[in-house]
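*Asks:* what's the 3D shape of this:
(chains A and B)
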Amino acid sequence: MRNIFIVLKHEFLTTIRKPSFWVTTFLLPGMIILLNIGTQVVSQDAFSNEDQLIPGTDLSAQAENITHPQVIGYVDEADILTQLPPSLPAGLLQAYATETAANDALNAGEISQYYLIPADFLQEHNVLLVSQEFSPFNVGSEDFFNYVIAYGLTGDEMEAAVYTNPTFSVYSHDVAPQELSNGNDNGSPLTFFVPYAVMFIFFFLITMSSGFMLQSVTREKENRTAEVLLLSLRPRELMLGKVLGLSMVALLQMLFWFGGGMIALDRVQQMLDMLSTFTLPAGFIVWGIGFFVLGYLLYASVMGAVGALAPNAREGGQFTFVILLPLMIPLWLNYVFIESPNGTLATALSLIPFTAPVSMMTRMVATTVPVWQILVSLGGLALTTYVLVLIAARFFRADTLLSDASFHWKRIFTELRRA
Amino acid sequence: MSTANTPTIAVASVKKNFGQVKAVQDVSFEVYPGEIFGLLGPNGAGKTTTIRMMLDIFRPDGGSVSILGGELSEAKKQRIGYMPEDRGLYKDLKLEPTLIFLATLKGMDAAAAKKELEGWLKRLDLYEHRDKKIQELSKGMQQKAQLIATLLHNPDIIIVDEPFSGLDPVNTRLAKEIIEEQRQAGKTIIMSTHQMYQVEALCQRIVLINNGRTVLYGEVDDIKRNFAGNAVELEGHGDFASLPGVLEIRSQNGTHHLALAPGTNPQDIFRTLATRDGIKVERFEIAEPSLDDIFVAVVKEGKR
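*Replies:* Numbering: from 1, shown residues only, chains lettered A, B, ... in the order given. Modelled structure (predicted):
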C-alpha cells in the first residue's frame, strides 16, 4: 500500500511538472476557444449586415434596434427610384447624382457603400455595388436593395417584399412528437452547445489521461527504470500506482477546465444567465464522475497494457488511434446526439461500454434518459472495465516490462496465453 | 577467502526458458558476506537473467535461490541495491527527486533520504548538478548517479552490473574505493563486468557462465593456478599468431603474450618455435594466465 502511494505521488507530481500537461490543459482548450472567438470575429465582420433590414416588415422599428446604422448611397442612372419605401428610416439611403459624387462620399467615409443602377438596368438587370471593404458574405444588403428597387418599380411595399422573398412570412412548426429535452428550450443555442461541450470535455479528459498512462509505462521501459522499480515493488503495484496517480491528474485537469470555464463565464453575465436557464439532469455530477472514472480506468488499463508490451513510445503510439477509435465515434456522430438523443443509434452508443462514457453523458445533457438505461450502461461499463483491468494486469509482468520485443497484434494473443 | 559460513546468496541449479530460448540451463554459486564476487560471462551467457532470478524479477523454471537464508520477501528486497547495466534512471527528471523517489521505494523516509543523499552527491561531485535533468548529465555523471541510487538506502546486498562503464580513471578509482568500503563494511557484493583486470583487482571469487551454464567457479587464485601453463610469454620476432594451439596473442613493448587452447602444452609451443624458419626467440617463459586469458580460453572452448 505504501509503495502504491509512493508511485501515485510520483506519477502525479512528475506529470503535472511536465510542460506537456500544461499544454494539454490550457493551450489546447485555449486554442479551441481562440479559434471559436476568431471565427466569431471573422463572421461578425463578414456578416456585418446582420444589422440589415428585413424586407416586408416595419423597417423604421428595425432601424431603431440597429447598433451601427450605416448610410448607403445610390446613383440612379436608370431613374427608377422615384420613390422609396415609406417605412424606410430617414437618411438610411442617400441619393447621388453621379458616380463621382458617390465615390467622393465613399472615400470621405460618409457612406459605407453605394449602388450604381445603370441606365440600361431595365434591359440588363445589373446593379453595381461599390464598397469600402470586401465582404464575401454580404448577401443580405443586396436583398435589401433589391427590395428597394422592387418598390421603386411597383410602388407597393408588400408586392416588393413578395418579389424579393416570396416566403418571408412563412414560419415552420414541427408536428412530429418532440424529444424530451430536460425542460430546456429547443431553440436555445445551449441545447446544442452544452451537450457538445460535455462530449468534448469527456473525450479529451479520457484520451489525455489514458495517453499519459501509455507515456509513463513506455518511458520506464525505454529508460530501463522498470528493472530497478521491479526490485522494489510488484508489477501490479506499479500499475495501480500509475493508474491512480494519473486519475488524480485527470481530476485536476477536470477541475481546471470546469473551474476555469465557470470563471470565464462569470465575466460574461449574459452567458451565465443563459446557462442558469439550462437544466442539467438530477445527479449529473455523480453520474459524470462515475462514467468518467470507469471510462478512464477502461482506457488507461488498455493503454497500460499496450505500454507494457510495446518496446517504446513510438511503437505503442501506433496503436493509440485504434484503441481510442470507439471514443471518437460519438464525436463523429455528434449530430445524432443533438438531433435525436433518444434515437436507436445514440441509445446503442451509450450502452456499448467503449463508447458509453462520452455518449451517455452527452445524451444526459441533451435529453431525459431513462434511469434504467443509465444503470445498464454504467453496469456494462463497470463489468468491462473490471475484465480489462484484470487482463491488463496480466500483461503487466516483469518479462513484458523488461522485453524489447516489437509489438504487433499477434503478440497480444501470445502474451495473453502466456499470462 | 573472507567468507562466513552461511552464504548470503545461494543459487542452486537455476533454469530459465523464454519460449524456445534456454537462457539459463544450470547455474549454481554461493556468495558470502564481506566478499566481492565476480559474475562473469560473455554477452548473452545468461548473467542478467541469473541476476533477475536472484532478485525475484523472474521466477526460475527450475532450481532454487536463497537470499539471506530463504526466499526473497518484500522486506528483504529493501536490503538489496541493484545497479543494472543500462542505467535505470528517468532521463527527463531532475537528479535529486529521482534519487529520493527510488530511496523511498526502498523504505527510506523522504527527509532522511534527502539528508543522506547530500553526502553522496558531494562525495561524487554531483551536488552542483542535483537540480539538473539526468539527460543533461554526462555519461560518467549518470553512472555515478546510478551508483548512488544503488547505495543510498544502505543495502546489505549490492549487485552491480558494469559499475565502471563510462567512468574516467579518476572516477573509476573512486567507484572502486566505494565498492571496497562496502565490502569492508561486511556487505555482500556481486559484480558483473567484462573488465577482467577490475575483477582481478577486486574479486576474491568468481563464477563464469557460458551458454547458460556454470563453467568456472571458485577463488580467483585457485582458478589461475589451475590454468597455469595455458599461457606463455616470449620476446623475439616472427609470426607467432599462426602457431598451432594459440588462441590469442597480445603484444606490448616487444613482449608477446600467447593464450593457449586447453590441451596445448607450452613445451609443444617451444618445440614448434624451435623448428620454424623466420622466427627468432630471445626470451620464453611460462606465464601465469590472466583472467582475461582464462575467459577467452573457456569461452572459445565452449564454442567448439
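*Asks:* residues in contact with residue 217?
*Replies:* Assuming you mean chain A. Each residue near A:Val217 by Cβ atoms under 8 Å, 6 or more residues apart in numbering or on different chains is listed here: A:242, A:303-304, A:307-308, A:316, A:401. Using the backbone N, CA and C atoms, a C-beta is placed for each residue, glycine as well.
*Asks:* my bad, chain B
*Replies:* B:28-29, B:205-208.
*Asks:* Make TSV out of the contacts of A:Val217 and add distance to B:Val232 and secondary structure.
*Replies:* TSV is the format used below for the contacts of A:Val217 (distance: Cβ to Cβ, whole Å; DSSP: H, G, I helix; E, B strand; the rest coil):
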residue	distance to B:Val232	secondary structure
A:Lys242	59	helix
A:Met303	62	helix
A:Gly304	59	helix
A:Gly307	55	helix
A:Ala308	54	helix
A:Gly316	55	helix
A:Leu401	49	helix
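*Asks:* Buried subset of those residues as a ChimeraX selection?
*Replies:* With 16 or more other Cβ atoms under 10 Å in any protein chain shown as the criterion, this ChimeraX line picks the buried residues out of the contacts of A:Val217:
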select /A:242,303,304,307,308,316,401
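*Asks:* Need the distance between the two termini of stretch A:328-344.
*Replies:* Stretch A:328-344 has an end-to-end distance of 18 Å (criterion: Cα to Cα, to the nearest Å).
*Asks:* For it, buried residues please.
*Replies:* Of the residues in stretch A:328-344, A:329-330, A:334, A:336-338, A:341-342 count as buried by neighbour count, 16+ other Cβ under 10 Å.
*Asks:* Let me see the mean pLDDT of it.
*Replies:* The average of the pLDDT scores along stretch A:328-344 is 82.
*Asks:* With stretch B:138-145 instead?
*Replies:* Per-residue pLDDT over stretch B:138-145 has a mean of 91.
*Asks:* hmm, that stretch touching chain A?
*Replies:* No: Stretch B:138-145 lies out of reach of chain A by Cβ under 8 Å from any Cβ of the partner chain, never closer than 10.8 Å.
*Asks:* quick one: the spatially most central residue of chain B from chain A, how far?
*Replies:* Nearest to the geometric centre of chain B sits B:Ser192, at 2.3 Å (Cα atoms, centre = their mean). According to Cβ to the nearest Cβ, to the nearest Å, B:Ser192 stands 14 Å off from chain A.
*Asks:* Distance check, that residue against B:Tyr82.
*Replies:* Distance, B:Ser192 to B:Tyr82, by Cβ to Cβ, to the nearest Å: 11 Å.
*Asks:* Going by distance to A:Ile6, which of the contacts of B:Tyr217 wins?
*Replies:* Set against A:Ile6, the nearest of those by Cβ to Cβ is B:Phe29 (33.4 Å).
*Asks:* Name the residues contacting each of B:Ser192 and B:Tyr82.
*Replies:* Among the neighbours of B:Ser192, those also in contact with B:Tyr82 (Cβ under 8 Å, 6+ apart) are B:51, B:159.
*Asks:* quick one: A:Ile323 is in a helix?
*Replies:* Yes: under DSSP: H, G, I helix; E, B strand; the rest coil, A:Ile323 sits within a helix.
*Asks:* sec struct for the residue lying closest to it once chain neighbours are set aside, please.
*Replies:* Residue nearest to A:Ile323 in three dimensions, not counting chain neighbours: A:Val302, with 5.5 Å by Cβ to Cβ, 6 or more residues apart in numbering or on different chains. Put simply, A:Val302 is helix when judged by three-state DSSP.
*Asks:* Could you list which residues are in contact with A:Val302?
*Replies:* When contacts are counted by Cβ under 8 Å, 6+ apart, A:Val302 is found next to A:210, A:323, A:388, A:392.
*Asks:* quick one on the thing from earlier: as CSV, the buried residues of stretch A:328-344 with distance to A:Leu251 and secondary structure would be great.
*Replies:* Listed next are these as CSV, based on distance: Cβ to Cβ, whole Å; three-state DSSP:
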residue, distance to A:Leu251, secondary structure
A:Ile329, 25, helix
A:Pro330, 22, helix
A:Asn334, 25, helix
A:Val336, 29, helix
A:Phe337, 25, helix
A:Ile338, 28, helix
A:Pro341, 27, coil
A:Asn342, 30, coil
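*Asks:* Nearest to chain A: which residue in the stretch 151-300 of chain B?
*Replies:* The minimum distance from the stretch 151-300 of chain B to chain A, using Cβ to the nearest Cβ, falls at B:Ile159 (9.1 Å).
*Asks:* Need the pLDDT of B:Lys114.
*Replies:* So B:Lys114 comes in at 92 (pLDDT).
*Asks:* next one: phi and psi at the nearest residue to it once chain neighbours are set aside?
*Replies:* Closest residue in space to B:Lys114, ignoring its immediate chain neighbours: B:Ile100 at 5.7 Å, by Cβ to Cβ, 6+ apart. Phi and psi for B:Ile100, reported as degrees, to the nearest 10, are phi -70, psi -40.
*Asks:* re earlier: in a strand, the residue of the stretch 151-300 of chain B closest to chain A, correct?
*Replies:* Yes: counting by three-state DSSP, B:Ile159 is part of a strand.
*Asks:* residue ranges of the helices in the stretch 1-150 of chain B, please?
*Replies:* B:47-54, B:74-77, B:95-105, B:110-123, B:139-151 (DSSP state H, counting those that start in this stretch).
*Asks:* got a list of contacts for the second one?
*Replies:* Residues external to helix B:74-77 that are found in contact with it (Cβ under 8 Å, 6+ apart): A:231-232, B:55-56, B:67-68.
*Asks:* any chance of those residues in TSV, plus distance to B:Ala287?
*Replies:* TSV is the format used below for these (distance: Cβ to Cβ, whole Å):
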residue	distance to B:Ala287
A:Leu231	41
A:Ser232	46
B:Leu55	38
B:Asp56	43
B:Ile67	39
B:Leu68	41
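*Asks:* show me what contacts the residue nearest to the centre of chain B?
*Replies:* Taking Cβ under 8 Å, 6+ apart, we find B:Ser192 in contact with B:38-40, B:47-48, B:51, B:85, B:159-162.
*Asks:* how does it look with 7 Å?
*Replies:* B:39, B:47, B:51, B:161-162 (Cβ atoms under 7 Å, 6 or more residues apart in numbering or on different chains).
*Asks:* Tell me what it is bridged to.
*Replies:* B:Leu39, B:Asp161 (DSSP bridges).
*Asks:* State whether A:Gln373 is indeed within a helix.
*Replies:* Yes: judged by three-state DSSP, A:Gln373 forms part of a helix.
*Asks:* Tell me, how many residues neighbour it?
*Replies:* If you count neighbours by other Cβ atoms under 10 Å in any protein chain shown, A:Gln373 ends up with 16.
*Asks:* so what pLDDT did it get?
*Replies:* pLDDT recorded at A:Gln373 is 90.
*Asks:* just to revisit the earlier point, just the buried residues of the contacts of B:Tyr217.
*Replies:* The neighbour count (16+ other Cβ under 10 Å) marks B:29, B:205-208 as buried among the contacts of B:Tyr217.
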